[in-house]
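>>> fold the following and give me the result.
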Amino acid sequence: MMKAKKIAVPHILWIMLGILLLASLLTYIVPAGSFQRDDAGQVIAGSFAYLDAQTPINPFRMLTMIMDGLVQAGSIVWVVLVSGAMIAMILGTGAIDEIMNWTIYKLKDKNESILISCMFVLMVYLGGFGGTDALIAVVPIGVLFAKKLKLDPIFAVGVTTFGTLIGFGLGPVNFYSTQMLMGVRVYGAFVTMFISMNFFMIIGLIMLLSYVKKIRKDPSKSLMASEGWHPDKMKTDNTEDSLLKEVNLSKKSIVIMLIYLAQFLVIVIFPLIYKGDIGTYSLILAVSFVVTLVVGFIAGFSPDKIGAEFAKGVSGMTFVAFVIGLGRTLSIILVDGNIIDSIVYTLTQPLMHVSSSVTTVGITGLVALFDLIIPSNTSKAAILIPILKPVLETLSIHPTIGVQAFQYGDAFTNMVTPVLGWMIGSCMTAGVPFQKWLKWVLPKVFIFLLLSFVIIAIMTTINFVAF
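Prediction:
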(Lines give C-alpha, C1' and ligand atoms only; values in the text may rest on other atoms or scores of the structure.)
Protein backbone atom coordinates (compact mmCIF):
# COMPACT_ATOMS: atom_id res chain seq x y z
CA MET A 1 0.00 0.00 0.00
CA MET A 2 1.51 3.31 -1.08
CA LYS A 3 1.76 6.07 1.44
CA ALA A 4 0.20 9.38 0.50
CA LYS A 5 2.78 12.07 -0.13
CA LYS A 6 2.86 14.87 2.38
CA ILE A 7 1.86 18.20 0.86
CA ALA A 8 4.73 20.61 1.40
CA VAL A 9 4.42 24.37 1.11
CA PRO A 10 7.34 25.87 -0.86
CA HIS A 11 9.88 27.95 1.00
CA ILE A 12 8.95 31.62 1.22
CA LEU A 13 11.90 32.45 -1.08
CA TRP A 14 10.29 30.52 -3.94
CA ILE A 15 6.87 31.93 -3.14
CA MET A 16 8.22 35.47 -3.32
CA LEU A 17 10.17 34.83 -6.54
CA GLY A 18 7.07 33.24 -8.06
CA ILE A 19 5.01 36.29 -7.14
CA LEU A 20 7.62 38.61 -8.68
CA LEU A 21 7.64 36.58 -11.89
CA LEU A 22 3.84 36.61 -11.97
CA ALA A 23 3.83 40.39 -11.49
CA SER A 24 6.31 40.72 -14.37
CA LEU A 25 4.08 38.65 -16.67
CA LEU A 26 0.99 40.61 -15.62
CA THR A 27 2.57 43.82 -16.90
CA TYR A 28 2.13 42.31 -20.40
CA ILE A 29 -1.49 41.32 -19.78
CA VAL A 30 -3.19 43.79 -17.44
CA PRO A 31 -4.09 47.06 -19.22
CA ALA A 32 -1.85 49.87 -18.03
CA GLY A 33 -3.57 52.75 -16.27
CA SER A 34 -3.18 55.32 -13.53
CA PHE A 35 -4.97 57.54 -11.05
CA GLN A 36 -4.19 61.20 -10.62
CA ARG A 37 -2.70 62.03 -7.23
CA ASP A 38 -2.71 65.11 -5.05
CA ASP A 39 0.37 66.89 -3.65
CA ALA A 40 0.48 64.46 -0.73
CA GLY A 41 0.58 61.50 -3.11
CA GLN A 42 -2.94 60.35 -2.24
CA VAL A 43 -5.17 58.89 -4.95
CA ILE A 44 -7.85 61.22 -6.31
CA ALA A 45 -11.01 59.14 -6.48
CA GLY A 46 -12.70 59.00 -9.89
CA SER A 47 -9.57 60.10 -11.76
CA PHE A 48 -8.54 56.71 -13.19
CA ALA A 49 -7.74 56.45 -16.89
CA TYR A 50 -6.14 53.74 -19.02
CA LEU A 51 -2.88 54.53 -20.81
CA ASP A 52 -2.44 54.35 -24.58
CA ALA A 53 0.24 51.63 -24.43
CA GLN A 54 1.57 48.87 -22.20
CA THR A 55 4.77 49.41 -20.18
CA PRO A 56 5.88 45.81 -19.55
CA ILE A 57 8.64 44.70 -17.18
CA ASN A 58 10.45 41.67 -18.62
CA PRO A 59 11.73 38.93 -16.23
CA PHE A 60 15.37 39.99 -16.58
CA ARG A 61 14.56 43.58 -15.69
CA MET A 62 12.46 42.23 -12.83
CA LEU A 63 15.58 40.56 -11.39
CA THR A 64 17.59 43.77 -11.69
CA MET A 65 14.86 45.59 -9.75
CA ILE A 66 15.57 43.48 -6.66
CA MET A 67 18.46 45.82 -5.86
CA ASP A 68 16.11 48.82 -6.12
CA GLY A 69 13.66 47.09 -3.80
CA LEU A 70 16.34 46.37 -1.21
CA VAL A 71 17.61 49.96 -1.36
CA GLN A 72 14.14 51.52 -1.12
CA ALA A 73 13.25 49.24 1.80
CA GLY A 74 16.50 50.20 3.54
CA SER A 75 14.96 52.10 6.45
CA ILE A 76 12.56 49.30 7.33
CA VAL A 77 15.21 46.63 6.78
CA TRP A 78 17.72 48.21 9.16
CA VAL A 79 15.12 48.76 11.86
CA VAL A 80 14.15 45.08 11.59
CA LEU A 81 17.79 43.95 11.79
CA VAL A 82 18.62 46.05 14.87
CA SER A 83 15.34 45.10 16.57
CA GLY A 84 16.21 41.45 15.95
CA ALA A 85 19.58 41.99 17.59
CA MET A 86 17.90 43.59 20.61
CA ILE A 87 15.53 40.62 21.07
CA ALA A 88 18.45 38.19 20.72
CA MET A 89 20.41 40.08 23.37
CA ILE A 90 17.50 40.04 25.84
CA LEU A 91 16.90 36.33 25.27
CA GLY A 92 20.62 35.72 25.66
CA THR A 93 20.61 37.31 29.13
CA GLY A 94 18.13 34.70 30.37
CA ALA A 95 16.06 37.44 32.02
CA ILE A 96 12.80 36.30 30.42
CA ASP A 97 13.41 32.67 31.42
CA GLU A 98 14.24 33.68 34.98
CA ILE A 99 11.16 35.86 35.41
CA MET A 100 8.93 33.18 33.92
CA ASN A 101 10.35 30.38 36.08
CA TRP A 102 10.18 32.53 39.22
CA THR A 103 6.54 33.38 38.53
CA ILE A 104 5.59 29.77 37.88
CA TYR A 105 7.34 28.57 41.03
CA LYS A 106 5.53 31.18 43.15
CA LEU A 107 2.17 30.16 41.69
CA LYS A 108 2.52 26.39 41.80
CA ASP A 109 0.68 25.89 45.11
CA LYS A 110 -2.17 28.32 44.49
CA ASN A 111 -5.84 27.52 43.95
CA GLU A 112 -6.39 25.72 40.63
CA SER A 113 -8.39 28.44 38.89
CA ILE A 114 -6.00 31.15 40.11
CA LEU A 115 -3.01 29.09 39.03
CA ILE A 116 -4.41 28.44 35.56
CA SER A 117 -5.47 32.07 35.12
CA CYS A 118 -2.10 33.46 36.21
CA MET A 119 -0.23 30.97 34.03
CA PHE A 120 -2.35 31.84 31.03
CA VAL A 121 -1.98 35.60 31.51
CA LEU A 122 1.79 35.16 31.88
CA MET A 123 1.95 33.21 28.63
CA VAL A 124 -0.13 35.79 26.73
CA TYR A 125 2.13 38.60 27.93
CA LEU A 126 5.26 36.61 27.08
CA GLY A 127 3.90 36.16 23.57
CA GLY A 128 2.80 39.78 23.35
CA PHE A 129 6.08 41.38 24.40
CA GLY A 130 8.73 38.74 23.78
CA GLY A 131 7.11 36.34 21.37
CA THR A 132 9.31 34.09 19.25
CA ASP A 133 9.06 30.42 18.34
CA ALA A 134 11.57 29.87 21.18
CA LEU A 135 8.52 29.94 23.47
CA ILE A 136 7.94 26.33 22.47
CA ALA A 137 10.29 25.76 25.40
CA VAL A 138 7.46 26.55 27.85
CA VAL A 139 5.35 23.59 26.68
CA PRO A 140 7.15 21.07 28.96
CA ILE A 141 6.20 23.32 31.88
CA GLY A 142 2.60 23.12 30.71
CA VAL A 143 2.92 19.33 30.61
CA LEU A 144 4.15 19.31 34.22
CA PHE A 145 1.24 21.47 35.33
CA ALA A 146 -1.18 19.22 33.49
CA LYS A 147 0.23 16.25 35.41
CA LYS A 148 0.15 18.14 38.70
CA LEU A 149 -3.51 19.07 38.17
CA LYS A 150 -4.35 15.70 36.57
CA LEU A 151 -5.49 17.36 33.37
CA ASP A 152 -4.98 16.15 29.82
CA PRO A 153 -2.19 17.07 27.35
CA ILE A 154 -4.52 19.37 25.40
CA PHE A 155 -4.69 21.54 28.52
CA ALA A 156 -0.87 21.60 28.53
CA VAL A 157 -0.82 23.09 25.01
CA GLY A 158 -3.81 25.31 25.83
CA VAL A 159 -2.24 26.93 28.87
CA THR A 160 1.04 27.55 27.04
CA THR A 161 1.05 27.79 23.23
CA PHE A 162 -2.61 28.79 22.91
CA GLY A 163 -1.86 31.69 25.23
CA THR A 164 1.48 32.68 23.71
CA LEU A 165 0.00 32.72 20.21
CA ILE A 166 -2.84 34.99 21.33
CA GLY A 167 -0.25 37.40 22.71
CA PHE A 168 2.08 37.02 19.73
CA GLY A 169 -0.70 37.65 17.22
CA LEU A 170 -2.31 40.57 19.04
CA GLY A 171 0.57 42.13 20.96
CA PRO A 172 1.17 45.87 20.48
CA VAL A 173 4.87 45.54 19.58
CA ASN A 174 4.98 42.75 17.00
CA PHE A 175 3.56 44.58 13.99
CA TYR A 176 5.98 47.47 13.60
CA SER A 177 7.10 46.27 10.15
CA THR A 178 3.47 46.13 8.95
CA GLN A 179 2.92 49.66 10.25
CA MET A 180 6.05 50.83 8.43
CA LEU A 181 4.92 49.27 5.15
CA MET A 182 1.44 50.77 5.57
CA GLY A 183 2.97 54.19 6.24
CA VAL A 184 1.51 54.80 9.70
CA ARG A 185 3.28 55.81 12.90
CA VAL A 186 5.05 52.84 14.47
CA TYR A 187 3.52 51.91 17.85
CA GLY A 188 0.98 54.68 17.24
CA ALA A 189 -1.77 52.13 17.93
CA PHE A 190 -0.06 50.76 21.06
CA VAL A 191 -2.99 51.35 23.44
CA THR A 192 -5.62 50.03 21.02
CA MET A 193 -3.65 46.85 20.33
CA PHE A 194 -2.91 46.37 24.04
CA ILE A 195 -6.62 46.59 24.90
CA SER A 196 -7.45 44.22 22.05
CA MET A 197 -4.87 41.69 23.24
CA ASN A 198 -6.32 41.71 26.76
CA PHE A 199 -9.89 41.36 25.46
CA PHE A 200 -9.06 38.23 23.48
CA MET A 201 -6.91 36.97 26.35
CA ILE A 202 -9.97 37.01 28.63
CA ILE A 203 -12.06 35.20 26.00
CA GLY A 204 -9.31 32.60 25.57
CA LEU A 205 -9.02 32.09 29.32
CA ILE A 206 -12.78 31.54 29.63
CA MET A 207 -12.53 28.92 26.86
CA LEU A 208 -9.69 27.13 28.62
CA LEU A 209 -11.34 27.16 32.06
CA SER A 210 -14.57 25.91 30.50
CA TYR A 211 -12.71 22.93 29.05
CA VAL A 212 -11.09 22.22 32.42
CA LYS A 213 -14.49 22.32 34.11
CA LYS A 214 -15.93 19.95 31.51
CA ILE A 215 -13.28 17.26 31.84
CA ARG A 216 -13.24 17.62 35.63
CA LYS A 217 -16.94 16.78 35.62
CA ASP A 218 -16.58 13.95 33.11
CA PRO A 219 -13.05 12.82 32.08
CA SER A 220 -14.53 10.96 29.11
CA LYS A 221 -15.28 14.36 27.57
CA SER A 222 -11.55 14.90 27.13
CA LEU A 223 -10.50 14.75 23.49
CA MET A 224 -7.55 12.66 24.68
CA ALA A 225 -9.78 10.01 26.29
CA SER A 226 -9.71 8.01 23.06
CA GLU A 227 -5.91 8.10 23.28
CA GLY A 228 -6.03 6.38 26.67
CA TRP A 229 -5.89 9.44 28.91
CA HIS A 230 -7.69 9.33 32.26
CA PRO A 231 -6.86 11.27 35.45
CA ASP A 232 -6.79 8.07 37.51
CA LYS A 233 -4.08 6.64 35.26
CA MET A 234 -1.73 9.59 35.71
CA LYS A 235 1.35 8.86 37.78
CA THR A 236 3.38 11.41 39.68
CA ASP A 237 7.15 11.35 39.80
CA ASN A 238 10.04 13.53 40.88
CA THR A 239 10.31 15.31 37.54
CA GLU A 240 7.98 18.07 38.66
CA ASP A 241 9.93 18.81 41.82
CA SER A 242 13.24 18.82 39.97
CA LEU A 243 12.07 21.18 37.22
CA LEU A 244 9.84 23.43 39.33
CA LYS A 245 12.60 24.17 41.78
CA GLU A 246 12.89 27.43 43.65
CA VAL A 247 14.16 30.35 41.58
CA ASN A 248 15.49 33.57 43.01
CA LEU A 249 14.52 36.60 40.95
CA SER A 250 17.55 38.83 40.48
CA LYS A 251 17.44 42.61 40.32
CA LYS A 252 19.40 42.34 37.11
CA SER A 253 16.56 40.50 35.34
CA ILE A 254 13.99 42.98 36.65
CA VAL A 255 16.02 45.95 35.40
CA ILE A 256 16.54 44.33 31.99
CA MET A 257 12.81 43.76 31.52
CA LEU A 258 11.95 47.27 32.73
CA ILE A 259 14.40 48.76 30.21
CA TYR A 260 12.96 46.57 27.45
CA LEU A 261 9.39 47.69 28.20
CA ALA A 262 10.37 51.34 28.76
CA GLN A 263 11.70 51.65 25.21
CA PHE A 264 8.18 51.39 23.80
CA LEU A 265 7.03 54.26 25.98
CA VAL A 266 10.00 56.32 24.79
CA ILE A 267 9.21 55.61 21.13
CA VAL A 268 5.53 56.48 21.60
CA ILE A 269 5.97 59.58 23.80
CA PHE A 270 9.19 61.13 22.43
CA PRO A 271 7.69 62.38 19.11
CA LEU A 272 4.87 64.03 21.06
CA ILE A 273 7.20 66.20 23.15
CA TYR A 274 10.22 66.66 20.84
CA LYS A 275 9.71 69.13 18.01
CA GLY A 276 12.92 68.37 16.15
CA ASP A 277 13.37 66.62 12.82
CA ILE A 278 14.23 63.11 14.05
CA GLY A 279 12.40 60.56 11.89
CA THR A 280 10.42 57.71 13.42
CA TYR A 281 12.62 55.01 11.92
CA SER A 282 15.77 56.77 13.09
CA LEU A 283 14.36 57.02 16.61
CA ILE A 284 13.36 53.34 16.74
CA LEU A 285 16.75 52.20 15.48
CA ALA A 286 18.62 54.44 17.93
CA VAL A 287 16.53 53.35 20.93
CA SER A 288 16.78 49.66 19.99
CA PHE A 289 20.54 49.94 19.54
CA VAL A 290 21.03 51.67 22.91
CA VAL A 291 18.77 49.14 24.68
CA THR A 292 20.77 46.29 23.13
CA LEU A 293 24.08 47.62 24.41
CA VAL A 294 22.78 48.66 27.85
CA VAL A 295 21.10 45.29 28.41
CA GLY A 296 24.30 43.49 27.46
CA PHE A 297 26.37 45.46 29.98
CA ILE A 298 23.75 45.05 32.73
CA ALA A 299 23.82 41.30 32.12
CA GLY A 300 27.56 41.36 32.74
CA PHE A 301 28.55 40.45 29.20
CA SER A 302 32.01 41.36 27.99
CA PRO A 303 32.30 43.72 24.99
CA ASP A 304 33.18 40.73 22.80
CA LYS A 305 30.14 38.80 24.06
CA ILE A 306 27.88 41.79 23.37
CA GLY A 307 29.29 42.04 19.85
CA ALA A 308 28.76 38.31 19.27
CA GLU A 309 25.15 38.41 20.52
CA PHE A 310 24.45 41.49 18.40
CA ALA A 311 25.85 39.80 15.30
CA LYS A 312 23.83 36.66 16.07
CA GLY A 313 20.63 38.68 16.34
CA VAL A 314 21.27 40.58 13.12
CA SER A 315 22.10 37.42 11.19
CA GLY A 316 18.93 35.77 12.45
CA MET A 317 16.82 38.54 10.88
CA THR A 318 18.74 38.84 7.60
CA PHE A 319 16.42 36.67 5.54
CA VAL A 320 13.36 38.44 6.96
CA ALA A 321 14.93 41.72 5.85
CA PHE A 322 15.58 40.27 2.39
CA VAL A 323 11.92 39.25 2.09
CA ILE A 324 10.89 42.82 2.96
CA GLY A 325 13.15 44.00 0.14
CA LEU A 326 11.49 41.55 -2.26
CA GLY A 327 8.12 42.89 -1.18
CA ARG A 328 9.28 46.39 -2.05
CA THR A 329 10.47 45.03 -5.42
CA LEU A 330 6.94 43.78 -6.05
CA SER A 331 5.63 47.28 -5.46
CA ILE A 332 8.18 48.76 -7.89
CA ILE A 333 7.25 46.27 -10.64
CA LEU A 334 3.55 47.03 -10.27
CA VAL A 335 4.16 50.80 -10.27
CA ASP A 336 6.71 50.91 -13.12
CA GLY A 337 4.56 48.54 -15.14
CA ASN A 338 1.62 50.92 -14.56
CA ILE A 339 -0.68 48.08 -13.51
CA ILE A 340 -1.03 48.70 -9.77
CA ASP A 341 -3.62 51.42 -10.36
CA SER A 342 -5.45 49.19 -12.87
CA ILE A 343 -5.56 46.37 -10.31
CA VAL A 344 -6.72 48.72 -7.57
CA TYR A 345 -9.37 50.24 -9.85
CA THR A 346 -10.70 46.78 -10.77
CA LEU A 347 -10.73 45.61 -7.15
CA THR A 348 -12.36 48.73 -5.79
CA GLN A 349 -15.17 49.11 -8.32
CA PRO A 350 -17.35 46.39 -6.70
CA LEU A 351 -16.38 47.72 -3.26
CA MET A 352 -17.70 51.18 -4.12
CA HIS A 353 -21.21 49.73 -3.81
CA VAL A 354 -20.72 48.15 -0.37
CA SER A 355 -19.87 49.65 2.99
CA SER A 356 -16.22 50.17 3.95
CA SER A 357 -16.73 47.79 6.87
CA VAL A 358 -17.35 44.94 4.41
CA THR A 359 -14.00 45.76 2.81
CA THR A 360 -12.03 45.68 6.07
CA VAL A 361 -13.76 42.47 7.16
CA GLY A 362 -12.78 41.03 3.79
CA ILE A 363 -9.17 42.10 4.34
CA THR A 364 -9.16 40.31 7.71
CA GLY A 365 -10.50 37.15 6.08
CA LEU A 366 -8.02 37.37 3.20
CA VAL A 367 -5.04 37.71 5.53
CA ALA A 368 -6.34 34.80 7.65
CA LEU A 369 -6.39 32.58 4.56
CA PHE A 370 -2.86 33.65 3.57
CA ASP A 371 -1.75 32.92 7.14
CA LEU A 372 -2.51 29.22 6.67
CA ILE A 373 0.37 28.91 4.20
CA ILE A 374 2.56 31.90 5.18
CA PRO A 375 2.51 32.27 8.99
CA SER A 376 5.13 35.06 9.06
CA ASN A 377 3.38 38.42 9.41
CA THR A 378 6.37 40.18 7.83
CA SER A 379 6.29 37.95 4.74
CA LYS A 380 2.52 38.36 4.35
CA ALA A 381 2.82 42.13 4.72
CA ALA A 382 5.53 42.24 2.05
CA ILE A 383 3.18 40.43 -0.34
CA LEU A 384 -0.17 42.04 0.50
CA ILE A 385 0.51 45.64 1.59
CA PRO A 386 1.55 46.86 -1.90
CA ILE A 387 -1.99 45.95 -3.04
CA LEU A 388 -3.97 46.70 0.14
CA LYS A 389 -2.52 50.14 0.82
CA PRO A 390 -3.72 51.82 -2.41
CA VAL A 391 -7.08 50.00 -2.10
CA LEU A 392 -7.56 51.58 1.33
CA GLU A 393 -6.51 54.98 -0.01
CA THR A 394 -8.97 54.74 -2.90
CA LEU A 395 -11.80 53.84 -0.53
CA SER A 396 -10.75 56.54 1.97
CA ILE A 397 -10.25 54.00 4.77
CA HIS A 398 -7.73 55.13 7.38
CA PRO A 399 -4.52 53.04 7.18
CA THR A 400 -4.48 52.33 10.94
CA ILE A 401 -7.77 50.47 10.45
CA GLY A 402 -6.07 48.56 7.65
CA VAL A 403 -3.24 47.58 9.98
CA GLN A 404 -5.72 46.42 12.62
CA ALA A 405 -7.61 44.34 10.03
CA PHE A 406 -4.28 42.84 8.94
CA GLN A 407 -3.36 42.03 12.55
CA TYR A 408 -6.67 40.29 13.24
CA GLY A 409 -6.27 38.24 10.08
CA ASP A 410 -2.77 37.22 11.08
CA ALA A 411 -3.47 36.50 14.74
CA PHE A 412 -5.66 33.42 14.99
CA THR A 413 -5.07 30.98 12.15
CA ASN A 414 -1.53 30.47 13.46
CA MET A 415 -3.25 28.11 15.90
CA VAL A 416 -4.46 25.78 13.16
CA THR A 417 -1.85 25.89 10.40
CA PRO A 418 0.36 22.80 10.05
CA VAL A 419 2.99 25.02 8.40
CA LEU A 420 3.90 26.74 11.68
CA GLY A 421 6.65 24.75 13.41
CA TRP A 422 5.85 26.47 16.71
CA MET A 423 2.34 24.94 16.69
CA ILE A 424 3.28 21.49 15.41
CA GLY A 425 6.26 21.28 17.76
CA SER A 426 4.09 22.19 20.73
CA CYS A 427 1.66 19.37 19.96
CA MET A 428 4.50 16.89 19.55
CA THR A 429 6.12 17.99 22.82
CA ALA A 430 2.87 17.53 24.73
CA GLY A 431 1.97 14.28 22.97
CA VAL A 432 -1.19 15.67 21.36
CA PRO A 433 -2.11 14.37 17.88
CA PHE A 434 -2.52 17.41 15.63
CA GLN A 435 -6.01 16.33 14.53
CA LYS A 436 -7.08 16.29 18.21
CA TRP A 437 -5.68 19.77 18.69
CA LEU A 438 -7.55 20.97 15.60
CA LYS A 439 -10.80 19.55 16.96
CA TRP A 440 -10.27 21.50 20.20
CA VAL A 441 -8.99 24.79 18.83
CA LEU A 442 -10.79 25.20 15.48
CA PRO A 443 -14.15 26.29 16.99
CA LYS A 444 -12.27 28.80 19.15
CA VAL A 445 -10.47 30.22 16.13
CA PHE A 446 -13.82 30.69 14.37
CA ILE A 447 -15.17 32.53 17.42
CA PHE A 448 -12.06 34.73 17.57
CA LEU A 449 -12.39 35.55 13.86
CA LEU A 450 -16.10 36.36 14.16
CA LEU A 451 -15.39 38.67 17.09
CA SER A 452 -12.59 40.33 15.12
CA PHE A 453 -14.95 40.81 12.16
CA VAL A 454 -17.42 42.60 14.43
CA ILE A 455 -14.72 44.78 16.01
CA ILE A 456 -13.10 45.79 12.73
CA ALA A 457 -16.51 46.51 11.19
CA ILE A 458 -17.36 48.83 14.09
CA MET A 459 -13.95 50.52 13.90
CA THR A 460 -14.46 51.14 10.18
CA THR A 461 -18.02 52.38 10.57
CA ILE A 462 -17.07 54.99 13.18
CA ASN A 463 -13.76 55.72 11.39
CA PHE A 464 -11.87 54.91 14.58
CA VAL A 465 -8.22 55.98 14.44
CA ALA A 466 -6.21 53.66 16.68
CA PHE A 467 -4.18 55.30 19.44
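>>> identify the residues contacting residue 116.
Neighbour list for residue 116: 149, 159, 205, 208-209, 212 [criterion: Cβ atoms under 8 Å, 6 or more residues apart in numbering]. For the C-beta atoms, the positions are set from N, CA and C on the backbone; glycine is no exception.
>>> tell me which two in these are the farthest apart.
With Cβ to Cβ as the measure, no two of the contacts of residue 116 lie farther apart than 149 and 205, at 15.4 Å.
>>> neighbour count: these two, which is higher?
A count of neighbours by other Cβ atoms under 10 Å puts residue 205 above the other of residue 149 and residue 205, at 22 against 18.
>>> what comes up buried for the helix or strand containing the more buried one?
Residue 205 is part of helix 190-217, with elements assigned from DSSP states H and E. Neighbour counts over helix 190-217 (16 or more other Cβ atoms under 10 Å) mark 190, 192-194, 196-198, 200-201, 204-205, 207-209, 211-212, 215 as buried.
>>> list the helices and strands it packs on?
Other elements packing on helix 190-217 under the criterion 3 or more Cβ pairs under 8 Å, 6 or more residues apart in numbering; DSSP states H and E are helix 112-130, helix 153-157, helix 163-170, helix 399-411, helix 434-461.
>>> now the angle from that helix to helix 399-411?
For helix 190-217 against helix 399-411, the angle between stretch directions is 30 degrees (axes from the mean of the first three to the mean of the last three Cα atoms, to 10 degrees).
>>> what's the average pLDDT for helix 190-217?
Here helix 190-217 scores 94 as its mean pLDDT.
>>> specify the angle between that helix and helix 163-170 in degrees.
Relative orientation of helix 190-217 versus helix 163-170 (the same axes, to 10 degrees): 160 degrees.
>>> distance between the ends of stretch 49-59?
26 Å (Cα to Cα, to the nearest Å).
>>> can you give me how far it is from the chain middle?
Relative to its chain's centre, stretch 49-59 lies at 36 Å (Cα atoms, centre = their mean, to the nearest Å).
>>> flag every buried residue along it.
Counting neighbours by 16+ other Cβ under 10 Å, stretch 49-59 gives 56-57 as buried.
>>> same thing with stretch 326-336?
So for stretch 326-336, counting by 16+ other Cβ under 10 Å, buried means 326-334, 336.
>>> ditto for stretch 400-419
Across stretch 400-419, burial judged by 16+ other Cβ under 10 Å covers 400-417.
>>> quick one: low-confidence residue ranges for the stretch 251-400 of the chain.
Scanning the stretch 251-400 of the chain for pLDDT under 70 picks out the ranges 275-277.
>>> ranges for the helices of it?
For the stretch 251-400 of the chain, the helices defined by DSSP state H, counting those that start in this stretch cover 251-273, 280-298, 303-316, 318-336, 340-351, 356-371, 377-394, 399-411.
>>> buried deepest among those helices, which one?
Of those, the one with the most neighbours on average (mean count of other Cβ atoms under 10 Å) is helix 399-411, at a mean of 26.
>>> show me what it is packed against.
Using 3+ Cβ pairs under 8 Å, 6+ apart: helix 399-411 touches helix 163-170, helix 176-182, helix 190-217, helix 356-371, helix 377-394, helix 434-461.
>>> for that helix, the distance to its chain's centre please.
Helix 399-411 has its C-alpha centroid displaced from the chain centroid by 11 Å (Cα atoms, centre = their mean).
>>> repeat for stretch 347-359
In terms of Cα atoms, centre = their mean, the centre of stretch 347-359 is set 27 Å apart from its chain centre.
>>> contact partners of it?
Outside stretch 347-359, the residues touching it (Cβ under 8 Å, 6+ apart) are 387, 391, 394-397, 456-458, 460-461.
>>> mind checking what secondary structure residue 184 has?
coil (DSSP: H, G, I helix; E, B strand; the rest coil).
>>> fine by me, we can end here.
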